[in-house]
Each structure stands twice: as structure tokens, then as C-alpha cells.
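Asks: A predicted structure for the sequence below; I have some questions about it.
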Amino acid sequence: MRRTRRPAEAARRHRLGHALPPWHPNLRSPTCGKVGPATATRDDGSRAGLLRSVYGGRVRVDGNGSWSLEEAVRVARTLHEHGVELLEQPVPSGDPDAPRYVHERSPVPVYADEDCAGPQDIPRLRGRVSGVDVNLAKCGGLLAARETVTLARRAGLRVMLGCKLESALGVTAMAQLAPLADELDLDGRLGPVSDPFTGAAVDRGVIGLPTAPGLGATTTSTEYGDN
């Protein structure tokens, strides 16, 4: 049985949504917002609706392997109602048939995140998901990331380039492969309070590459040697 949220709780969340700080220069601009699950409360997908009530742009959800098979299908249907454009890793990684189960029943495209650690994972993901999330922390370097992207293309999978919470150095490196991707999720450098590097910049959803030599990332910190 699908749980229904009490009206008082729904109203409280709605008020909280409208009280959100302007973390983006224009919260209603046509960029892209991303929602992660509140695993402690077994998020049923309604938080995407809360975001939608105050944000008119594109929305993606990263499940981080939070749901069972049936829960993931129910959540995907709820997300579809709120106009979510894709769902990352809705079920725990490790079982190749699990994402396929959700993929075949979900109205929202399902992407593999933790299930895609590098090029070796692409063959078993073919036909089991709509796309894959590729990032340097999982692949271990640009060459492996590019190989993963190439194999994913040959397998008919869409490609999203992602990152962890990291400095501008890692994000700038990954951004070099941006022309090969369908979607970009390279906002990791917005999280750290202090970043010793400068590089790729994110402005209203647009990623701009630096013009310095090499990757283009630079630092003024003496802890990382000369620029």
C-alpha cells in the first residue's frame, strides 16, 4: 500500500520550500536542480514535488541505491508526475538485474552510477539502464573515463559526466570530456568552503573552461607547488 503524507506535514514541507534561500542567482531560471533521497525517512519521491513548487527548471534525482525494487518503481512514477528528467542509481549496486527491473518499468530514464565504476561495467549494463554516470573518482583517470564514454556510446547508452564533492582541479579535468556527454553534473566545486584551485566555472548552469595551459586549473597555494 502506498503511504499518503498527512496534510499538515505536506503543508509544512511546502512552507519550507518557499523559505529556501536563493542558493542560485535565479532559482526559477531554466537550469537544472538535483535532489538526493532522505534515506532516514524513506523518501517516497515527494521531495521532488517540493522542489518543483519553488523551482521551474529541470530536475534530476540521485537515489544513491536507497530503494528496493518495488519502492524504486513507485518512486519513479511519482518523480514522473513532478517532471523529473532522470533517476540515478535507484537501487543498491551489485546486482545487474536490479536496475533492469526498474528500467523496464520506470517512466523516467534510469542511469547507473555506483554500478558503473569504469569501462569494464559497460557490457553488463547494456540494455539494463538508459544511461551511465561517469566520473574520475570512480574511473581513476581521464583515459579510463574516455574509454567508458566510448564503450557506453557503442552500447547505445546515454552518458552523464559527474563528480564528487571536490575541488576545481577535478571538475576542470572532467570538463575536458564535456563535448562527449549528453548531460553534465559537474557542480562539485560549489560545495567546498575553501578551494585551493581555480578552473572551470559554473554560471547559471553553464560550465566555462579556463584558457590557461593544460587542464587550465591553477592554484596560488604553496602546498601544491608552482602553478
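Replies: Noted; the coordinates are in hand.

Asks: Then R60 would be within a strand, right?
Replies: Yes - secondary structure of R60 (DSSP: H, G, I helix; E, B strand; the rest coil): part of a strand.

Asks: got a pLDDT number for it?
Replies: Among the per-residue scores, R60 holds a pLDDT of 92.

Asks: is it in a bridge, and if so with what?
Replies: K34, L86 (DSSP bridges).

Asks: Any idea how many residues pack against it?
Replies: Other residues near R60 number 21, with proximity taken as other C-beta atoms under 10 Å. For every residue, glycine as well, the C-beta is placed using N, CA and C.

Asks: could you check the distance from it over to P192?
Replies: Noted for R60: a distance of 22 Å to P192, by C-beta to C-beta, to the nearest Å.

Asks: For the protein, which segments are assigned as strands?
Replies: Under the criterion DSSP state E, strands of the chain are mapped to 32-35, 58-62, 86-88, 110-112, 131-134, 158-161, 183-184, 197-198, 201-203, 206-208, 218-219.

Asks: Mean pLDDT lowest where, among these?
Replies: Among those, strand 32-35 scores lowest, at a mean of 74.

Asks: Who are the packing partners of that strand?
Replies: helix 46-52, strand 58-62 (3 or more C-beta pairs under 8 Å, 6 or more residues apart in numbering; DSSP states H and E).

Asks: want to try TSV for the ones you listed, with distance to P179 as columns?
Replies: Formatted as TSV, these follow (distance: least, C-beta to C-beta, whole Å):
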stretch	distance to P179
helix 46-52	29
strand 58-62	20
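
Asks: for the strands of the chain, which one sits closest to T148?
Replies: strand 131-134 (5.0 Å; C-beta to C-beta).

Asks: With just CA atoms, put the closest one into CSV.
Replies: Taking C-alpha atoms only, strand 131-134 is exported to CSV below (Å, rounded to 0.1, in the frame of the first residue of the first chain):
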residue,chain,number,x,y,z
GLY,A,131,22.5,5.7,-19.4
VAL,A,132,25.5,5.8,-17.1
ASP,A,133,27.2,8.4,-14.8
VAL,A,134,31.0,8.6,-15.5
